[in-house]
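Undergrad: Return a 3D structure for these sequence lines:
(2 chains)
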Amino acid sequence: MTNKKIRTRIAPSPTGFVHIGNLRTALYNYLFTKQQGGDFVLRIEDTDQSRKIEGAMEKIFEVLEWSGLSWNEGPLKGGEYGPYIQSQRLDLYKKYARQLVDSGHAYYCFCTPKDLEQMREEQTKNHQAPHYAGPCREADIARAAEKIKTGSPFVIRLKVPKNELVTFDDIVYGKISFNSKEIDDQVLLKSDGFPTYHLAVVVDDHLMKMTHIMRGEDWLPSTPKHILLYEAFGWEKPVYCHLPNILGEDKKKLSKRTAAVSVEDFKKAGYLPAALINYLALLGWNPGTEEELFLIDELIKKFDLKKIHKAGAIFDLKKLDNINGQYIRNLQTNKLVELCLPYLKDEYGDKLNVYSEEYINKVIKLEQERLKKLSDIAENARLFFSSDLKYDSQVLVWKKSNQAGAKKVLDLIFSFLKNINEWNKENLEAKTMAFIGEQNLTNGETLWPLRVALSGQQNSPGPFEIADVLGQEQSLHRIAEALKKLE
RNA sequence: GGUCCCAUCGUCUAAUGGUUAGGACAUCAGGUUUUCAUCCUGAAAAUAGGGGUUCAAUUCCCCUUGGGACUACCA
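TA: The predicted structure follows:
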């Protein structure tokens, strides 16, 4: 291998949202490139006009910036090999397609979609692989030029050699060979003047001086087409590194039909970019140690192309939740508050204004260890932002007690808490535990009804934590309400 | 159908010729002065099958089986 500067690219199509698989591909490209001190390029592949979606390109920019995988060359950033949006490079593709025709590596094709469909039908009927078998491949070039002049729609197809072994060495998958007879005469330039992926990717990767092509495994069968193109042009080939697919629970390529795949949705749900990146890095690669938590800088240091797996990996939301939870627990309080606030505002709106900043901060801090993702805060915090709790009185009764017992205990505790002067978690806990001892009560029979009275929930944070946040007045109010329920 | 790729606990994976096949998530059990969460301890859980090569195969080779990707004027 040469010691040229490493250059890689990610080349998403603006056809909707950014897929979790796109992000993983971007990540591996990014890690490798940063480690090698190379250039990380973004190129937008918008050669299919029919699938283009308004605003999708901006989404790509946003998601990449959010995830921290920012490109240092491409749209918005510039660079000396632009433009980086394929629809702005149309003349280039036309020029190179014609060059291929001139050199005998490609030909004009005038067959209609209908012709092709018939061709395919017949071939499948005869158990043949569908391929172009029309007359244009061997047609006279002068006649073709004539037809074009009269305005006949045409495409340019690659003249794939018959029975030639195309071999390449993939970093992940090793040596791979295809017989060119299995490869169809690819359309290079469509009748609308746009290139297909195959032409555009080769022309751009060459012109943009890419050294390594890291992309999804699904491109593996297309690679020989690209190799043939490089050879036809007489260009130096890049190094290929195909990445295993990310799979859904059905073991098929992760798709929106069966799972959440939009990176933006993960962002909205409150997954931290660092956690998502951490998890994605481990999906198909690991450093060979038993560590699992890595910040991006450590990933850059430890990343190793040779340790990328061949087999696809199933995307496991539970594991992501776990990692995200760990990242959330490690957050500084002020950062956590900043991140959670939008979710609370979204859920409670103006009702939130009633509460002090200190109160809200305490609530968030209290829920920190219970959050798998930031959006969980909305539900988890409900008991702190409700003026009256709705629950069944039977919940107040501890499993080893009865209704009368619950009432007795809450009566006692109400009077006791009324006289507490220093209202904070530590003092409340110390005093109450002592009180339980003095009264010959048990923890369970006391703390359970107290906690339910304060939270209205079967499961919740502990009673002293809640009481501390709620304050004396609201706590006593809730206990009084509980007592009413028990009458 | 054809071409290509892949194969260790349920999941992500470690171990590249010699290990009681290790870790993490999830699950289950127990503990951490009430529930949840956190934290701690423990349990259950895998080399798809068959042939080789070798003193020795998770590891190398072949076959079978299973899974997947691709097979467009989409990327």
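Undergrad: Name the residues of the stretch 251-400 of chain A found near RNA strand B, please.
TA: Where the stretch 251-400 of chain A comes near RNA strand B, counting by C-beta under 7 Å from any atom of the strand, the residues are A:251-253, A:282-286, A:288, A:290, A:292, A:307, A:309-314, A:316, A:318-319, A:321-322, A:325-326, A:329, A:369-370, A:398. Quick note: C-beta positions are derived from backbone N, CA and C, even for glycine.
Undergrad: how about A:Phe414, what does it touch?
TA: A:Leu476, A:Ile479, A:Ala480, A:Leu483 (C-beta atoms under 8 Å, 6 or more residues apart in numbering).
Undergrad: A:Tyr108 should be in a helix, yeah?
TA: No: with DSSP: H, G, I helix; E, B strand; the rest coil as the criterion, A:Tyr108 is assigned strand and is not in a helix.
Undergrad: quick one: it and A:Ile148 touch, right?
TA: Yes: between A:Tyr108 and A:Ile148 there is a contact at 6.7 Å, judged by C-beta atoms under 8 Å.
Undergrad: the more surrounded of these two?
TA: Taking neighbours as other C-beta atoms under 10 Å, A:Tyr108 and A:Ile148 compare with A:Tyr108 leading, 22 against 13.
Undergrad: Identify the contacts common to A:Tyr108 and A:Ile148.
TA: Joint contacts of A:Tyr108 and A:Ile148 (C-beta under 8 Å, 6+ apart) are A:Phe154.
Undergrad: quick check: domain ranges of chain A?
TA: A:7-75+A:197-247, A:93-189, A:263-329, A:331-385, A:386-487 (automatic domain parsing).
Undergrad: could those domains be laid out in CSV, adding mean pLDDT and distance to A:Gln86?
TA: Putting the domains of chain A into CSV (pLDDT from 0 to 100; distance: least, C-beta to C-beta, whole Å) gives the following:
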stretch, mean pLDDT, distance to A:Gln86
domain A:7-75+A:197-247, 97, 5
domain A:93-189, 92, 8
domain A:263-329, 97, 22
domain A:331-385, 96, 36
domain A:386-487, 95, 53
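Undergrad: Quick one: closest of these to A:Ser87.
TA: domain A:7-75+A:197-247 (4.8 Å; C-beta to C-beta).
Undergrad: ok, of the residues of the stretch 251-400 of chain A next to RNA strand B, which come out buried?
TA: A:Lys253, A:Leu282, A:Leu283, A:Gly284, A:Trp285, A:Asn286, A:Gly312, A:Ala313, A:Asp321, A:Gly325, A:Arg370, A:Trp398 (16 or more other C-beta atoms under 10 Å).
Undergrad: Where strands are concerned, which of those residues count?
TA: A:Ala313 (DSSP state E).
Undergrad: Out of the buried ones among the residues of the stretch 251-400 of chain A next to RNA strand B, which sit inside helices?
TA: Among these, the ones falling in helices (DSSP state H) are A:Asp321, A:Gly325.
Undergrad: Just send the buried ones among the residues of the stretch 251-400 of chain A next to RNA strand B back as JSON lines, with distance to A:Ala129 too.
TA: Listed next are these as JSON lines, based on distance: C-beta to C-beta, whole Å:
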{"residue": "A:Lys253", "distance to A:Ala129": "22"}
{"residue": "A:Leu282", "distance to A:Ala129": "38"}
{"residue": "A:Leu283", "distance to A:Ala129": "33"}
{"residue": "A:Gly284", "distance to A:Ala129": "31"}
{"residue": "A:Trp285", "distance to A:Ala129": "34"}
{"residue": "A:Asn286", "distance to A:Ala129": "38"}
{"residue": "A:Gly312", "distance to A:Ala129": "25"}
{"residue": "A:Ala313", "distance to A:Ala129": "30"}
{"residue": "A:Asp321", "distance to A:Ala129": "44"}
{"residue": "A:Gly325", "distance to A:Ala129": "49"}
{"residue": "A:Arg370", "distance to A:Ala129": "56"}
{"residue": "A:Trp398", "distance to A:Ala129": "71"}
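Undergrad: thinking again about what came up before, kindly write the ChimeraX command that selects the buried subset of the contacts of A:Phe414.
TA: Remark: buried members of those, expressed as a ChimeraX selection using 16+ other C-beta under 10 Å:
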select /A:476,479,483
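Undergrad: Out of the contacts of A:Phe414, which comes closest to A:Trp235?
TA: A:Ile479 (78.9 Å).
Undergrad: Please look at that closest one and A:Val409 and confirm they touch.
TA: No: checked against C-beta under 8 Å, the pair A:Ile479 and A:Val409 is beyond contact range at 10.3 Å.
Undergrad: any residues in contact with both of the two?
TA: Joint contacts of A:Ile479 and A:Val409 (C-beta under 8 Å, 6+ apart) are A:Leu450.
Undergrad: can you list the residues of the stretch 1-150 of chain A near RNA strand B?
TA: A:11, A:13, A:15, A:45, A:47-48, A:51, A:111-113, A:116, A:120, A:127, A:129-130.
Undergrad: one more time with 10 Å, if that's ok
TA: Within the stretch 1-150 of chain A, the positions near RNA strand B by C-beta under 10 Å from any atom of the strand are A:11-15, A:22, A:43-52, A:86, A:109-117, A:119-120, A:123-124, A:126-132.
Undergrad: among these, which are in helices?
TA: Filtering these for helices - DSSP H - leaves A:Asn22, A:Pro113, A:Lys114, A:Asp115, A:Leu116, A:Glu117, A:Met119, A:Arg120, A:Gln123, A:Thr124.
Undergrad: which among those end up buried?
TA: Applying 16+ other C-beta under 10 Å to those flags A:Asn22, A:Leu116, A:Met119, A:Arg120 as buried.
Undergrad: need the ones in helices among the residues of the stretch 1-150 of chain A next to RNA strand B in a markdown table with distance to A:Tyr355, can you?
TA: Shown next, in a markdown table, are these (distance: C-beta to C-beta, whole Å):
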| residue | distance to A:Tyr355 |
| --- | --- |
| A:Asn22 | 40 |
| A:Pro113 | 64 |
| A:Lys114 | 68 |
| A:Asp115 | 71 |
| A:Leu116 | 66 |
| A:Glu117 | 66 |
| A:Met119 | 70 |
| A:Arg120 | 66 |
| A:Gln123 | 70 |
| A:Thr124 | 67 |
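Undergrad: who touches A:Gln458 in this structure?
TA: Here A:Gln458 is in contact with A:Val395, A:Val452 (criterion: C-beta under 8 Å, 6+ apart).
Undergrad: mind listing the helices for the stretch 51-200 of chain A?
TA: With DSSP state H, counting those that start in this stretch, the ranges of helices along the stretch 51-200 of chain A come out as A:56-67, A:90-102, A:113-125, A:141-149, A:197-207.
Undergrad: now swap in the stretch 351-487 of chain A and tell me
TA: Under DSSP H, counting those that start in this stretch, the stretch 351-487 of chain A gives helices at A:357-367, A:376-380, A:403-418, A:425-438, A:443-455, A:463-470, A:472-486.
Undergrad: list the contacts for A:Trp285?
TA: A:Trp285 touches A:Tyr28, A:Phe303, A:Asp304, A:Lys307, A:Ile308, A:His309, counting by C-beta under 8 Å, 6+ apart.
Undergrad: Just give me the closest of those residues to RNA strand B.
TA: A:His309 (4.7 Å; C-beta to the nearest atom of the strand).
Undergrad: so that closest one makes contact with A:Gly284?
TA: Yes: between A:His309 and A:Gly284 there is a contact under C-beta under 8 Å: 5.0 Å.
Undergrad: Kindly indicate whether A:Met214 is helix, strand or coil.
TA: strand.
Undergrad: For A:Lys5, see how far away it is.
TA: 16 Å (C-beta to C-beta, to the nearest Å).
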